[in-house]
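Peer 1: Provided below are the primary sequence and the corresponding predicted coordinates.
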Amino acid sequence: MLNVKRIESGYGAMQVLWQPSIDVKQGTITSLLGPNGVGKSTLLHTIFGSIEPWGGEVYYDGENVTRVPTHKKVEMGIALVPEGKHLFPNMTVYENLSMGAYRKRALADKEESLELVYALFPRLKERTKQLAGSMSGGEQQMVTISRALMTRPKLIMLDEPSQGLAPKLVGEVFDTIQKMRDEIGLTILLIEQNSDASLEAADFVYVMHEGIIKAQGTPDQIKGSTEIREAYLGI
């Protein structure tokens, strides 16, 4: 579904990505692992178009989308949930979710999308009238992910979805990510500092270091390599 070929990008004169290539197969969870500051978030934002690529190509459903604007990529079914909780704190849960249904097709399917979100996150259905800013960190993360789901994506990219959450909530978030794959058929590209949880959920894994893909394989292959775990994952 998503093919990234030798992509290059950075900030100003500083190059961050040095031609990493990844393939994300439809209906799978692909994890991108590695320490902080190695270019993982930059890769997602370059794929999405919020950072302009310097070189390389991005293909989505067989179409070259390297230079397609971000809003067009959303129309095509690509969603990015960036690191942190980018909510409207003085708006209710329902209002925040409604902001995600701005695409013409998404607006037409708004009620169906809401039911889907509430099935994945029952807690949000109980709190539709609550101000998002008054919710716990875990609940705010649920709203952030759900708002992206309201765009009706086929591919969703998640940047550190469990950041700052208590261990119990981390488990809930990853259970939901797996439900998004298994029950909705979403394709997921995931960045996560929690290597254990990410390896447990993923179908395929890439390990990045200094803007380069250093290793790739199934979770069992990555876990089975002492060299990879110690050199790049710290586990």
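Peer 2: Structure received.
Peer 1: Which elements pack onto the longest strand anywhere in the chain?
Peer 2: With secondary structure taken from DSSP state E, the chain has its longest strand at strand 2-11. Counting contacts by 3 or more CB pairs under 8 Å, 6 or more residues apart in numbering; DSSP states H and E, strand 2-11 is packed against strand 14-18, strand 22-24, helix 40-48, strand 55-60. C-betas here are computed from N, CA, C, even on glycine.
Peer 1: change it to 6 Å
Peer 2: Applying 3 or more CB pairs under 6 Å, 6 or more residues apart in numbering; DSSP states H and E, one finds that strand 2-11 contacts strand 14-18, strand 22-24, strand 55-60.
Peer 1: Show me how far stretch 46-65 is from its chain's centre.
Peer 2: 16 Å (CA atoms, centre = their mean, to the nearest Å).
Peer 1: Equivalent analysis for stretch 23-41, please.
Peer 2: Stretch 23-41 sits 9 Å away from the centroid of its parent chain (CA atoms, centre = their mean).
Peer 1: From start to finish, how long is that stretch in a straight line?
Peer 2: One end of stretch 23-41 sits 16 Å from the other (CA to CA, to the nearest Å).
Peer 1: worst-scoring helix or strand of the chain, pLDDT-wise?
Peer 2: The helix or strand of the chain with the poorest confidence is helix 104-108; it has a mean of 70 (mean pLDDT, DSSP states H and E).
Peer 1: Turn the helices and strands packed on strand 2-11 into TSV, columns for distance to Met157.
Peer 2: Output for these, formatted as TSV (distance: least, CB to CB, whole Å):
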stretch	distance to Met157
strand 14-18	15
strand 22-24	9
strand 55-60	11
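Peer 1: Tell me which of the ones you listed sits nearest to Val143.
Peer 2: strand 22-24 (25.0 Å; CB to CB).
Peer 1: picking that back up, so after the least confident helix or strand of the chain, what's the next helix or strand?
Peer 2: helix 110-120 (DSSP states H and E).
Peer 1: Buried residues of the helix or strand following that following helix, list them for me.
Peer 2: Following helix 110-120 in sequence order, the next helix or strand is helix 122-126 (DSSP H and E). Using 16 or more other CB atoms under 10 Å as the test for burial, helix 122-126 gives Leu124.
Peer 1: Thought Lys214 was touching Ile228, still the case?
Peer 2: No - if you go by CB atoms under 6 Å, Ile228 and Lys214 don't touch, sitting 7.6 Å apart.
Peer 1: mind showing which ranges of the chain have poor pLDDT?
Peer 2: 103-106, 235 (pLDDT under 70).
Peer 1: Which parts of it are helices?
Peer 2: 40-48, 70-76, 93-99, 104-108, 110-120, 122-126, 137-149, 167-182, 195-201, 219-223, 226-228 (DSSP state H).
Peer 1: can you list those helices in TSV and add distance to Trp18?
Peer 2: Converted to TSV, the helices of the chain look like this (distance: least, CB to CB, whole Å):
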stretch	distance to Trp18
helix 40-48	11
helix 70-76	23
helix 93-99	36
helix 104-108	36
helix 110-120	37
helix 122-126	40
helix 137-149	29
helix 167-182	28
helix 195-201	22
helix 219-223	21
helix 226-228	19
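Peer 1: Compare those helices and give me the one nearest Leu17.
Peer 2: So among the helices of the chain, helix 40-48 is nearest, using CB to CB, at 5.8 Å.
Peer 1: tell me what the closest one is packed against?
Peer 2: strand 155-159.
Peer 1: cutoff 8 Å now
Peer 2: Applying 3+ CB pairs under 8 Å, 6+ apart, we find helix 40-48 packed against strand 2-11, strand 14-18, strand 29-33, strand 78-81, strand 155-159, strand 187-191.
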